[in-house]
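S.K.: sharing a model prediction with you, sequence too.
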Amino acid sequence: MSEDDNLVRVEFHDDNDGTITVVDVPAGTKITEAATKAGVYIPTLCHHPRLAPAGKCGVCVCSVENGPTPTQLACSTACRPTEDGSPMKVHVHGKILNGLANAALRRNLDIPLAAKSEKYKEHNEFAPCGALEIEDLAKWMGAENADTSSKS
């Protein structure tokens with residue numbers, strides 16, 4: 001058995017812009033790690049490479065075609081071979097997934113994003129360096145959820 005026999009091809013489908021990014025990873029790799037390797041951004045608050053997957057914040061929600069449920073958490077879902085040998089298809093972003101991630105982010109913060117980031121800025125409680133990852137995530141989520149269509 002060669003090393004390639006243990007690889008899973010994963011297709012990341014960005015439902016916002018229609019791009020598809022493909023990466024090969026060892027079976028069992030978490031979707032968040034596969035996404036990082038592929039250069040695909042999946043937002044997360046509770047995931048860290050040195051910690052066991054927690055799946056607590058819900059911000060890394062994605063959809064795996066033919067998965068056990070309509071949505072999964074990328075930090076705790078393993079890449080696995082498909083029954084027919086086709087690539088594992090993971091949908092990220094898009095209106096519904098962004099809405100779910102945004103709701104999870106707001107639930108975790110439990111107050112409006114602007115108020116939370118202003119509180120941390122004022123009191124410098126969280127990050128004395130002035131760079132808050134949660135602020136960057138909130139800005140990204142806001143931009144991803146903006147309606148940029150030309151429909152009236």
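M.R.: Cool, the structure landed.
S.K.: and Ala34, how far from Thr21?
M.R.: Distance from Ala34 to Thr21, counting by CB to CB, to the nearest Å: 10 Å. Using the backbone N, CA and C atoms, a C-beta is placed for each residue, glycine as well.
S.K.: biggest helix in the protein, by residue count?
M.R.: helix 94-109 (DSSP state H).
S.K.: and that helix, what's buried?
M.R.: For helix 94-109, a neighbour-count test (16 or more other CB atoms under 10 Å) marks 94, 97-98, 100-102, 104-105 as buried.
S.K.: higher neighbour count, Ala34 and Thr21?
M.R.: Ala34 (25 against 17; other CB atoms under 10 Å).
S.K.: that one: what secondary structure?
M.R.: On the three-state scheme (DSSP: H, G, I helix; E, B strand; the rest coil), Ala34 is labelled helix.
S.K.: from Glu11, how far off is it?
M.R.: From Ala34 to Glu11 the distance is 10 Å (CB to CB).
S.K.: quick check: neighbours shared by those two?
M.R.: Val90 (CB atoms under 8 Å, 6 or more residues apart in numbering).
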